[in-house]
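Participant: coordinates for the following, if possible.
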Amino acid sequence: MDMRPCSVAGMFYPAEPRHLEQLLETFFRNRAPDIDARGIVSPHAGYVYSGETGACAFSTIPPDFDGTFVVIGPSHRGYMTCASAVAWETPLGIVDVDNEFVDALDIEIDEVSHRSEHSIEVQMPFIKYRFPRARVAPVLMGEQSYEAAMSLAEQVLRAIRHTGRNVRIVASSDFSHYVPDQIARRQDLYAIDALKTLDTPEFYRRLQETGATACGYGPIAAMCIACRSLGAERGELLRYTTSGDVTEDFDQVVGYAAIAVV
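Facilitator: Numbers count the residues shown, from 1 in each chain. Reported below is the predicted structural model:
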């Protein structure tokens with residue numbers, strides 16, 4: 001069976017199934033927001049830093065969701081935009097790919113580019129644990145210009161129309177990287193505020209204005225544009241943290257946000 005094996009298990013999240021399950025159980029405990037999100041922003045750092053924030057984002061999707069997650073992650077290695085058409089391994093079992101939906105996306109398939117990229121892999125244990133019957137359509141995003149985000153959003157919308165699938169979209173992104181905590185919070189929250197009204201051009205403008213280094217700004221924009229076309233009206237910031245909250249080193253932090261688009 002062709003499969004994308006785990007690449008960062010044991011580093012970004014526990015490789016031992018029972019340990020991972022217990023950790024996810026802790027993250028999701030007592031999380032029942034009265035929201036049914038069409039799309040979410042979820043971070044992709046190690047679970048010790050951002051796992052609880054990721055669970056906060058995924059908890060806005062009903063746990064009985066059994067449709068297709070379009071998981072869009074940035075390429076940290078400079079690869080071109082590409083999809084994956086094989087099942088993804090997690091320590092909790094296999095996450096099946098929705099091949100008909102991936103075909104309908106009409107995006108080049110390149111399994112090699114996905115092999116060691118963590119931005120999508122880190123989302124998979126959340127999906128396997130919380131939504132065991134759901135399938136995925138993984139998309140690695142290379143170019144992240146606004147035009148590229150518009151184009152990817154249209155491809156997702158066209159695939160939804162073609163397949164009739166019930167879809168939720170996951171944008172995988174961290175926010176500011178390696179700046180003082182105070183600066184990270186100021187510039188990240190300023191950029192995120194533009195997503196309250198799903199104003200993606202303003203989101204881009206604010207990132208450029210502040211120099212905030214959100215690594216998945218393209219996936220965030222593509223998700224917001226597609227969700228707006230599907231009827232979403234706003235983005236809601238659920239939780240914002242930095243790595244300093246864990247390490248207590250506030251001189252150089254990475255920012256993490258859980259955002260629901262509804």
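
Participant: tell me what the residue nearest the centre of the chain is bridged to.
Facilitator: Centroid-nearest residue in the chain, with Cα atoms, centre = their mean: Ser172, separated by 2.4 Å. Ser172 has these beta-bridge partners by DSSP bridges: Ser42.

Participant: how about it, what does it touch?
Facilitator: Contact analysis of Ser172 by Cβ atoms under 8 Å, 6 or more residues apart in numbering lists 42-44, 71-74, 119-120, 122-123, 216, 219. C-beta here means a position set from N, CA and C on the backbone, and glycine is covered the same way.

Participant: restricted to helices, list those residues.
Facilitator: Counting by DSSP state H, the contacts of Ser172 place Ser119, Ile120, Pro219 in helices.

Participant: returning to that earlier point: neighbour count and distance to Leu24 added to the contacts of Ser172, as TSV?
Facilitator: Output for these, formatted as TSV (neighbours: other Cβ atoms under 10 Å; distance: Cβ to Cβ, whole Å):
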residue	neighbour count	distance to Leu24
Ser42	26	13
Pro43	30	15
His44	24	15
Val71	28	17
Ile72	33	22
Gly73	27	19
Pro74	25	23
Ser119	25	19
Ile120	25	17
Val122	26	12
Gln123	28	12
Gly216	26	22
Pro219	29	22
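
Participant: picking up where we left off before, where's the residue nearest to the centre of the chain relative to Lys196, distance?
Facilitator: Distance from Ser172 to Lys196, counting by Cβ to Cβ, to the nearest Å: 21 Å.

Participant: can you give me the end-to-end span of stretch 225-235?
Facilitator: Chord length of stretch 225-235, first to last residue, is 11 Å (Cα to Cα, to the nearest Å).

Participant: contacts for that stretch, please.
Facilitator: Stretch 225-235 is contacted from outside by 38-39, 149-150, 153, 156-157, 160, 169, 192, 195-198, 200, 224, 259-262, using Cβ under 8 Å, 6+ apart.

Participant: one more: stretch 181-188?
Facilitator: Contact partners of stretch 181-188, identified using Cβ under 8 Å, 6+ apart, comprise 175-176, 179, 210-212, 214, 240, 242, 244, 250-251, 253-255, 257.

Participant: how is Trp88 assigned, secondary-structure-wise?
Facilitator: With DSSP: H, G, I helix; E, B strand; the rest coil as the basis, Trp88 sits in strand.

Participant: what sits opposite it in the beta ladder?
Facilitator: For Trp88, the beta-bridge partners are Arg4, Val95 (DSSP bridges).
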